[in-house]
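Enquirer: Make a model of this:
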Amino acid sequence: MTRNGVGPDLITHNIVLSALKNGFQYSKAIAYFEMMKGANITPDTFTLNIVIHCLVKVGQYGEAIEILNSMRDKRTQCPPDVVTYTSIMHSYYVCGQVDNCKAVFDMMIAEGVKPNTVSYNALLGAYASHGMHTEALRVFKLLKQNGLRPDVVSYTTLLNAYGRSGQPEKAREAFNEMRKNSCKPNKISYNALIDAYGSAGMLKEAISLLHEMEKDGIPPDVVSISTLLTACGRCRQITKIGTVLEAAKCRGIELNIVAYNSGIGSYLSFGDYEKALELYASMMASNVNPDSVTYNILISGLCKLGKYAESLKFFEDMVDLRIPLTKEVYSSLICSYVKQGKLTEAESTFSSMKESGCFPDVLTYTAMIQAYSDDGSWRSAWDLFKEMEGNAIQPDAIICSALMEALNNGSQHERVLQLMEFMKEKCIPLNQKAYFEIIASCSMLGDWETASEIVEYLDSSLSSISVGTLNHLLNFLGKCGKTESMMKLFYKMVNSCSVLGLSTYTVLLRNLLAVGKWRKYIEVLQWMEDAGVRPTLYMYQSVLPYMWRDNSMDYVSLMQEKINALREKIT
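Expert: Below you'll find the predicted structure:
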């Protein structure tokens, strides 16, 4: 065209751009668009929609959003349409930014652009990826209310939302509704349902779906097999791994790297090192090259089994094969050194990780802080925590509690309470270990006020805290003379359906008697009997002097009866 003096116009350029997009040549399409701008060709909405699509596919989300904003600014030239907004929604969905995805959806409606089924599916997908089934169902219903018909993607995404939220029965309902409404499930639908059952530990139902797929004329694929292999590990069904692998072989399904990784990981989760190695050898023999995920599974799995030398050998193999080291692999390697007490090697690996441009995550920092805690280096642990904050890495309850342990070991009890305030400020929930460390700090500092405040925060998390930790807090409150706070905690323990044994009642009774509250003591003895926990002879005898002192003879007679009855049972 150019040689013949016929300059390409916008339509020609759009055809070329469309061809590149449809041929998955996203980077070339973006480069071609840059050439168009150099030739002073003014793009239209169709052009920019293609470019946005390609930018999203290569992960250049910021550039895609900039184009949307420019289209909105120049609405008369190339106004954004439903395709534009849907592409941007998809970019936020991929990034896991649910709120932004919903904001773009609302913006589209506010600007008079009517969403289509694909738009609704993008919002559905954003909610489903986080297991937000209530929100996903609301969008699904809205789609139908606005006169659109859900397609196979809509139904599959909804059942995926239920699967991710641990509701396989609801996922099955969505699957059945899809069939009922003459929307034929596809391979992705079946695989999502397999994953829903497998994630919930319902392996039998997950495996039966292979046969259901085949009856429906849909042959299982390697994704089906990978999902089932992962489910075997979750469901603690080691014998089923071989069954699934045999099912793949019978159907002529060749395992890919994902399937092999799932199988190796499941074997290691059972501690079956030999079977994991056999599958690894089979993978190599089938010319399926291991990747960084494979080695991370092997290194971390072997560390958990205490096979540290073997885990380091796989790391060396990975380096020899020039497979890029990921932060997960570095973290697993650091954990290996930490568990062997090799702090110097862990520090060296941590430094190498940062120097390579592979930035540590919260798991890596947690491993290092635990290493410093074990080494008694609270200052190093504290400095590392501050470094993590400086790198904008959000701490979680696990790393905070690990740091609390290091601080307590270094007699830095005030810093533990500072860290507790930090967790409150950042809305980081306290876990069982954190409660224990905070209570220990309060005990050492004699800070009964903070300990009493802790009781107020226990309602929602009480069931996750061990009775031993709660007994420790009961005892501390009692020793501080905070009887009301002690009783308040005890009532919360009872209401949370905790199984309270003799140890809990012993702590409670001892502290009640220490402050002379013998009437409440007798009441607690009765609660014990009602709960089926038999008081000891000593418990009955200990309260008698207090009754004699107050000349409460009716209570003395009652207690003597109980003592005599218990002595008869003993003899």
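Enquirer: Where does the prediction get shaky in the stretch 401-550 of the chain?
Expert: 455-464, 497-498 (pLDDT under 70).
Enquirer: repeat for the chain
Expert: In the chain (pLDDT under 70), the answer is 1-7, 75-76, 235-239, 455-464, 497-498, 570-571.
Enquirer: can you tell me which helix in it is longest?
Expert: helix 553-570 (DSSP state H).
Enquirer: what sits up against that one?
Expert: Helix 553-570 is contacted from outside by I522, P535, L537, Y540, Q541, V543, L544, M547, W548, using Cβ atoms under 8 Å, 6 or more residues apart in numbering. Every residue, glycine included, has its C-beta placed from N, CA and C.
Enquirer: Which of the residues you listed fall in strands?
Expert: Assigned to strands by DSSP state E, none of these qualify.
Enquirer: buried subset of these?
Expert: Neighbour counting with 16 or more other Cβ atoms under 10 Å marks I522, P535, Y540, V543, M547 as buried within the contacts of helix 553-570.
Enquirer: Using a markdown table, please lay out those together with distance to Y190.
Expert: A markdown table is the format used below for the buried ones among the contacts of helix 553-570 (distance: Cβ to Cβ, whole Å):
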| residue | distance to Y190 |
| --- | --- |
| I522 | 64 |
| P535 | 59 |
| Y540 | 65 |
| V543 | 67 |
| M547 | 72 |
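Enquirer: out of these, who's nearest V293?
Expert: P535 (57.3 Å; Cβ to Cβ).
Enquirer: pretty sure that closest one contacts E529?
Expert: Yes. Between P535 and E529 there is a contact under Cβ atoms under 8 Å: 6.9 Å.
Enquirer: How far off centre is stretch 262-282?
Expert: Distance, stretch centre to chain centre, for stretch 262-282: 24 Å (Cα atoms, centre = their mean, to the nearest Å).
Enquirer: which residues sit against that stretch?
Expert: With Cβ under 8 Å, 6+ apart as the criterion, stretch 262-282 contacts 226-227, 229-230, 232-233, 236, 238, 241, 245, 255, 260, 283, 290, 294, 297-298, 301-302, 304-305, 307, 310.
Enquirer: Give me the subset of these lying in helices.
Expert: Per DSSP H, the subset of the contacts of stretch 262-282 in helices is 226-227, 229-230, 232-233, 238, 241, 245, 260, 283, 294, 297-298, 301-302, 304, 310.
Enquirer: What subset of those residues is buried?
Expert: Among those, those buried by neighbour count (16+ other Cβ under 10 Å) are 226-227, 229-230, 232-233, 238, 241, 245, 260, 283, 294, 297-298, 301-302, 310.
Enquirer: now S269: how far from G263?
Expert: Per Cβ to Cβ, to the nearest Å, S269 is found 11 Å from G263.
Enquirer: residues touching the most centrally placed residue in the chain, list them.
Expert: The chain has H130 as the residue nearest its centroid, 9.9 Å off, counting by Cα atoms, centre = their mean. Neighbour list for H130: G96, V98, R164 [criterion: Cβ under 8 Å, 6+ apart].
Enquirer: try 6 Å
Expert: Shown in contact with H130 (Cβ atoms under 6 Å, 6 or more residues apart in numbering): V98.
Enquirer: do you know how far it is from G96?
Expert: Here H130 is placed at a distance of 7 Å from G96 (Cβ to Cβ).
Enquirer: One more: L268?
Expert: Relative to G96, and taking Cβ to Cβ, L268 is found at 28 Å.
Enquirer: Neighbour count for the two, which is higher?
Expert: Under the criterion of other Cβ atoms under 10 Å, the comparison of L268 against G96 puts L268 first, with 23 against 11.
Enquirer: That one: which element?
Expert: helix 257-269 (DSSP states H and E).
Enquirer: what's the offset of that helix from the middle of its chain?
Expert: That offset, for helix 257-269, works out to 20 Å (Cα atoms, centre = their mean).
Enquirer: go on, stretch 548-567?
Expert: Using Cα atoms, centre = their mean, the offset of stretch 548-567 from its chain centre is 56 Å.
Enquirer: Tell me the buried residues in it?
Expert: Neighbour-count burial for stretch 548-567 flags S552, Y555, M559, K562, L566 (criterion: 16+ other Cβ under 10 Å).
Enquirer: Stretch 209-216 too?
Expert: L209, L210, E212, M213.
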